[in-house]
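Visitor: can you look at this prediction? I've put the sequence above it.
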Amino acid sequence: MTPEELESKLTEAERNALGALEEVHDSAQLEEFRLKFMGKKGEVTAILSGVGQLDKADRSRVGALANTVKTNIEQAFETRKRAFYNQELNERLSTERIDVTLPGTGLKPGHIHPLTQITNDIIEIFHGMGFSVAEGPEVETDYYNFDALNTPDNHPARDSQDTFYTNINPSVLLRSQTSTVQVRVMEKTKPPLRIISPGRVYRNEEVNARKYPLFHQLEGLLIDKDVTFGELKGLLTEFIRLFLGKPLKTRFRPDFFPFTEPSAELDSQCPFCMGSGCKVCGHRGWLELLGCGMVDPNVLKGVGIDPEEWNGFAFGMGIERVAMLKYDVNDIRHFFTNDLRFLEQF
Ligand code: DAH
């Protein structure tokens with residue numbers, strides 16, 4: 001191509017491009033324009049490649065024209081681009097709205113579940129009395145859940161502790177009580193000892209306001225020399241004073257547990273009415289708090305501790321039960337349904 005032909009091609013390309021730009025109405029069309037006229041395969045680029053073949057004198061003249069054409073197209077392009085950007089931004093600003101007065105979606109701080117709080121409170125009280133925490137498995141064998149606790153097969157006390165059985169083996173089950181931990185600790189640790197063991201337990205029971213197939217217990221065990229029932233009573237009365245926050249009368253009622261002899265149920269004077277009778281204590285004036293007793297010599301023998309040399313006491317409480325009494329909660333299911341209106345009260 002001659003220099004003159006190139007020059008007229010360049011002017012024509014400029015006219016074409018500026019004309020085409022007039023027909024562009026949005027940024028999508030603008031992008032098509034950029035590819036057609038300004039991209040690597042665009043018309044102007046193709047013409048520019050011809051400039052390199054010209055003589056030196058022509059090359060600088062035609063090259064200067066080529067640069068002007070290129071700059072003109074680019075400037076016109078930039079002007080349109082800015083106009084579209086402003087136009088589209090204004091459209092969005094007038095249609096999309098953010099209500100800055102709406103509350104934000106920040107994360108609410110959580111807190112420890114009431115059952116964990118109560119468990120920690122109880123642990124702290126017994127910790128101050130020299131007890132340490134021991135734990136045991138929730139999937140147990142019927143040896144630890146029953147036999148070692150002086151409850152052989154066919155013993156009627158097994159009926160009240162029906163639980164869930166696994167398909168690992170007929171004798172592998174979910175523990176129905178934390179008393180299992182007493183046996184596991186005594187097998188491994190020489191007396192004297194003082195332990196408490198909080199944890200989850202299971203019962204095959206119909207759900208209602210007072211019963212749930214999963215709940216929590218806290219077990220206590222003290223083994224030493226010449227331990228008396230009076231010491232058991234003193235310790236638990238002090239526990240109740242610290243747990244319920246004031247000195248309260250206590251009473252023991254005879255009861256039966258296979259692993260303690262004698263056994264008792266411990267009642268506390270109702271802290272809400274101080275014994276005169278109210279809704280919480282069912283107008284009895286007393287709250288039934290926990291089971292306890294002197295460890296049966298058979299249990300000690302079973303783990304190789306000489307009952308002539310050592311003796312002791314044990315107790316076990318339902319954590320939901322004492323929590324319900326302390327905070328006047330009327331339905332055990334509140335602890336498991338995770339309704340924030342309930343949980344946030346603690
Ligand atoms: N394990 C008993 C239950 O589930 C509670 C209990 C009663 C535990 C008396 C004890 C105890 O250690 O001495 O009903």
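Guide: Everything's here; your move.
Visitor: how about the nearest residue to the residue of the stretch 1-150 of the chain found nearest the ligand, chain neighbours excluded?
Guide: Closest to the ligand within the stretch 1-150 of the chain is Leu149: 8.0 Å, counting by CB to the nearest ligand atom. The C-beta positions use only the backbone N, C-alpha and C, and glycine is treated the same way. Distance criterion CB to CB, 6 or more residues apart in numbering; nearest residue to Leu149, sequence neighbours excluded, is Phe259 at 4.3 Å.
Visitor: can you pull out the helices in the stretch 1-150 of the chain?
Guide: Remark: helices assigned in the stretch 1-150 of the chain by DSSP state H, counting those that start in this stretch are 3-22, 27-33, 43-51, 56-95, 114-127, 142-145.
Visitor: the following helix or strand past the last one: how far from the chain's middle?
Guide: Yep, that's helix 142-145 we're talking about. Per DSSP states H and E, the first helix or strand lying C-terminal to helix 142-145 is strand 172-174. Centre-to-centre, strand 172-174 and its host chain are 26 Å apart (CA atoms, centre = their mean, to the nearest Å).
Visitor: go on, stretch 140-159?
Guide: Worked out by CA atoms, centre = their mean, stretch 140-159 lies 34 Å from the chain centre.
Visitor: what do you get for stretch 74-92?
Guide: For stretch 74-92, the distance to the chain centre is 51 Å (CA atoms, centre = their mean).
Visitor: point to the helix or strand of the chain where mean pLDDT is at its lowest.
Guide: Using mean pLDDT, DSSP states H and E, the weakest-scoring helix or strand in the chain turns out to be helix 43-51, at a mean of 78.
Visitor: return the distance of that helix from the chain's centre.
Guide: For helix 43-51, the distance to the chain centre is 67 Å (CA atoms, centre = their mean).
Visitor: which other helices and strands contact that helix?
Guide: Applying 3 or more CB pairs under 8 Å, 6 or more residues apart in numbering; DSSP states H and E, we find helix 43-51 packed against helix 3-22, helix 56-95.
Visitor: list the buried residues of the longest one.
Guide: So that's helix 56-95. Under the neighbour-count criterion of 16 or more other CB atoms under 10 Å, helix 56-95 has Asp58, Val62, Leu65, Ala66, Val69, Lys70, Ile73, Ala76, Phe77, Arg80, Lys81, Phe84 buried.
Visitor: what about the helices in the stretch 151-300 of the chain?
Guide: Under DSSP H, counting those that start in this stretch, the stretch 151-300 of the chain gives helices at 180-188, 229-244, 297-302.
Visitor: out of those helices, nearest to the ligand?
Guide: Set against the ligand and scored by CB to the nearest ligand atom, the helices of the stretch 151-300 of the chain come closest in helix 180-188, at 6.7 Å.
Visitor: is the closest one up against the ligand anywhere?
Guide: No. Helix 180-188 is not in contact with the ligand by CB under 6 Å from any ligand atom; minimum separation 6.7 Å.
Visitor: quick one: contacts of that helix?
Guide: 134-136, 140, 144-145, 148-149, 193, 195, 197, 199, 219, 221, 223, 259, 295, 299-300, 302-305, 314 (CB atoms under 8 Å, 6 or more residues apart in numbering).
Visitor: mean confidence for it?
Guide: Averaging pLDDT along helix 180-188 yields 98.
Visitor: in it, what counts as buried?
Guide: Buried, per 16+ other CB under 10 Å, within helix 180-188: Thr180, Val181, Gln182, Val183, Arg184, Val185, Met186.
Visitor: what does stretch 199-219 give?
Guide: Neighbour count says stretch 199-219 has Gly199, Val201, Tyr202, Arg203, Glu205, Tyr212, Phe215, His216, Gln217, Leu218, Glu219 buried, by 16+ other CB under 10 Å.
Visitor: rewinding a little: any chance of the buried residues of helix 56-95 in a markdown table, plus distance to the ligand?
Guide: A markdown table is the format used below for the buried residues of helix 56-95 (distance: CB to the nearest ligand atom, whole Å):
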| residue | distance to the ligand |
| --- | --- |
| Asp58 | 106 |
| Val62 | 102 |
| Leu65 | 100 |
| Ala66 | 96 |
| Val69 | 95 |
| Lys70 | 90 |
| Ile73 | 89 |
| Ala76 | 88 |
| Phe77 | 83 |
| Arg80 | 82 |
| Lys81 | 78 |
| Phe84 | 77 |
